[in-house]
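[1] I'd like to go over a predicted model; first the sequence, then the structure.
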Amino acid sequence: MKFKKPEFWDYEKPNIFSYILLPLTLIIRLSNLILNNYRPEKNIKIKTICVGNIYVGGTGKTPTTIKLYNLVKKLKHKVVTAKKFYKQEKDEQLLLSKQTDVIIGKKREDIINLAIKKNKDVIIFDDGLQDKTIDYDIKFLCFNSLEWIGNGKLLPSGPLREDINSLKKYDGIFIKGEDYIKTKKIYKIIKKIKPRIKIFFTHYVISNLRNLNVNEKYLLFSGIGSPNSLRVFLKKKKIKIVSEIIYPDHYEYKDSDIKKIILKAKQLKLKIITTQKDYVKIPKKFRNKIKFLKAELNIKNENDLSNFLKEKINEKN
């Protein structure tokens with residue numbers, strides 16, 4: 001979905017705009033109520049895992065999917081990742097295709113059937129928790145500790161697709177962030193809702209950070225769900241961001257966009273930097289003028305996650 005999040009979604013408390021839109025959240029509540037009463041049968045021929053979110057915005061689903069793929073592969077399973085085709089999500093599809101064995105299709109049910117034909121025994125979906133036609137064997141939610149659940153309200157009053165109490169129906173949670181106080185607070189809230197749920201702590205490691213000169217000044221541009229998190233992260237790494245251009249999530253860059261970015265950087269005497277997710281969408285003729293951040297997800301309690309996956313995948317339906 002291409003959009004820029006309203007700022008008030010991420011306020012600590014709802015504001016006047018949030019309260020004005022509150023009646024419209026009844027549509028989401030009613031839809032969730034109907035869909036949650038639908039119980040499809042599990043597919044016994046393949047184990048299905050889904051990595052999703054209930055917070056609209058950048059929570060790290062795709063890097064988490066890639067990490068899970070590598071962990072499941074280490075467990076000696078024939079694993080594939082999956083993504084429902086959306087024209088505007090080409091960036092995530094490209095990242096998955098570069099780093100995993102991926103199947104992309106118009107219907108998730110067809111993707112599962114193709115994975116079975118390919119003799120795969122585990123399939124990991126990047127997104128799709130709201131698709132109630134599939135009863136996934138393992139359901140993960142991703143949160144960014146910086147935004148957490150924003151103002152805590154449902155769409156369009158806030159950033160949530162489901163109420164926070166819906167955590168009860170999920171198997172595991174990934175909390176992304178390096179702020180110990182915030183992650184600890186979120187951990188306690190989640191455990192109150194579902195004490196036995198598995199929680200895994202993650203943060204990004206920039207593997208090509210040494211290629212960036214901390215003495216240089218940069219223009220940062222991105223079209224991601226959580227640009228604020230990126231800015232905070234780079235500040236911690238002492239990367240000097242002097243100017244920033246924010247585009248909607250999944251933005252498709254045109255030649256004219258990149259030319260404007262290059263011109264502005266030249267006028268301000270800045271180097272240009274972006275994310276890998278954005279970089280793959282930039283026309284090749286401009287790439288030598290732009291550096292990108294190669295982010296890898298680090299999981300603090302990775303052994304616990306590996307054991308959890310092993311147990312759940314081997315569990316009989």
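    Noted; the coordinates are in hand. Numbers count the residues shown, from 1 in each chain.
[2] Give me the outermost residue of this structure relative to its centroid.
    What lies farthest from the middle of the chain is residue 267; by C-alpha atoms, centre = their mean that is 34.0 Å.
[3] how about the helices in the stretch 151-300 of the chain?
    Secondary structure of the stretch 151-300 of the chain by DSSP state H, counting those that start in this stretch: the helices cover 180-193, 227-236, 255-268, 276-279.
[4] which residues touch residue 289?
    By C-beta atoms under 8 Å, 6 or more residues apart in numbering, the residues touching residue 289 are 262, 272. C-beta here means a position set from N, CA and C on the backbone, and glycine is covered the same way.
[5] Need the per-residue pLDDT for it.
    Looking at residue 289, its pLDDT reads 95.
[6] ditto for the one 3 residues further on
    The per-residue pLDDT reported for residue 292 equals 93.
[7] Then residue 317?
    For residue 317, the predicted pLDDT is 66.
[8] Check residue 2 too.
    So, for residue 2, pLDDT stands at 56.
[9] and if you look at residue 97?
    You'll see residue 97 listed with a pLDDT of 94.
[10] got it, and the one 4 residues further on?
    Each residue has a pLDDT score; the one for residue 101 is 98.
[11] and it, what does it touch?
    69, 79, 80, 81.
[12] mind running it again at 6 Å?
    Shown in contact with residue 101 (C-beta atoms under 6 Å, 6 or more residues apart in numbering): residue 80.
[13] Now it: phi and psi?
    Residue 101 adopts backbone torsions of phi -90, psi 120, taken as degrees, to the nearest 10.
[14] Roughly how far does it sit from residue 156?
    Distance of residue 101 to residue 156, given as C-beta to C-beta, to the nearest Å: 37 Å.
[15] Tell me which residues are up against stretch 307-316.
    47, 75, 138, 198.
[16] Using CSV, list the CA coordinates for it.
    Presented in CSV, the C-alpha positions along stretch 307-316 are these (Å, rounded to 0.1, in the frame of the first residue of the first chain):
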residue,chain,number,x,y,z
ASN,A,307,14.3,-24.4,19.0
PHE,A,308,10.8,-22.9,18.8
LEU,A,309,10.7,-23.3,15.0
LYS,A,310,11.9,-26.9,15.3
GLU,A,311,9.2,-27.8,17.8
LYS,A,312,6.4,-26.1,15.9
ILE,A,313,7.4,-27.5,12.5
ASN,A,314,7.6,-31.0,13.8
GLU,A,315,4.3,-30.7,15.6
LYS,A,316,1.6,-32.8,14.2
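[17] so how far is that stretch from its chain's centroid?
    Chain-centre distance of stretch 307-316: 23 Å, with C-alpha atoms, centre = their mean, to the nearest Å.
[18] how about JSON lines for the helices of the stretch 151-300 of the chain, with mean pLDDT and distance to residue 286 added?
    Formatted as JSON lines, the helices of the stretch 151-300 of the chain follow (pLDDT from 0 to 100; distance: least, C-beta to C-beta, whole Å):
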{"stretch": "helix 180-193", "mean pLDDT": "95", "distance to residue 286": "37"}
{"stretch": "helix 227-236", "mean pLDDT": "86", "distance to residue 286": "20"}
{"stretch": "helix 255-268", "mean pLDDT": "97", "distance to residue 286": "5"}
{"stretch": "helix 276-279", "mean pLDDT": "92", "distance to residue 286": "10"}
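[19] Drop anything exposed from the contacts of stretch 307-316.
    Neighbour counting by 16 or more other C-beta atoms under 10 Å classes 47, 138, 198 among those as buried.
[20] Give me the pLDDT value at the last one.
    Turning to residue 198, the model gives it a pLDDT of 97.
[21] try the one 10 residues further on
    At residue 208 the predicted local distance difference test score is 86.
[22] what's the closest non-adjacent residue to it?
    Excluding its sequence neighbours, the residue lying closest to residue 208 (C-beta to C-beta, 6 or more residues apart in numbering) is residue 294, at 4.4 Å.
[23] Which residues lie in contact with that neighbour in this structure?
    Contacts for residue 294 (C-beta under 6 Å, 6+ apart) come out as 207, 208, 276.
[24] Around the first one, count how many other residues there are.
    Residue 207 sits with 11 neighbouring residues when counted by other C-beta atoms under 10 Å.
[25] Would you quantify the distance from it to residue 276?
    From residue 207 to residue 276 the distance is 10 Å (C-beta to C-beta).
[26] picking up where we left off before, for the buried ones among the contacts of stretch 307-316, which one is nearest residue 183?
    residue 198 (14.8 Å; C-beta to C-beta).
[27] can you count the residues close to residue 196?
    The local packing of residue 196 (other C-beta under 10 Å) involves 6 other residues.
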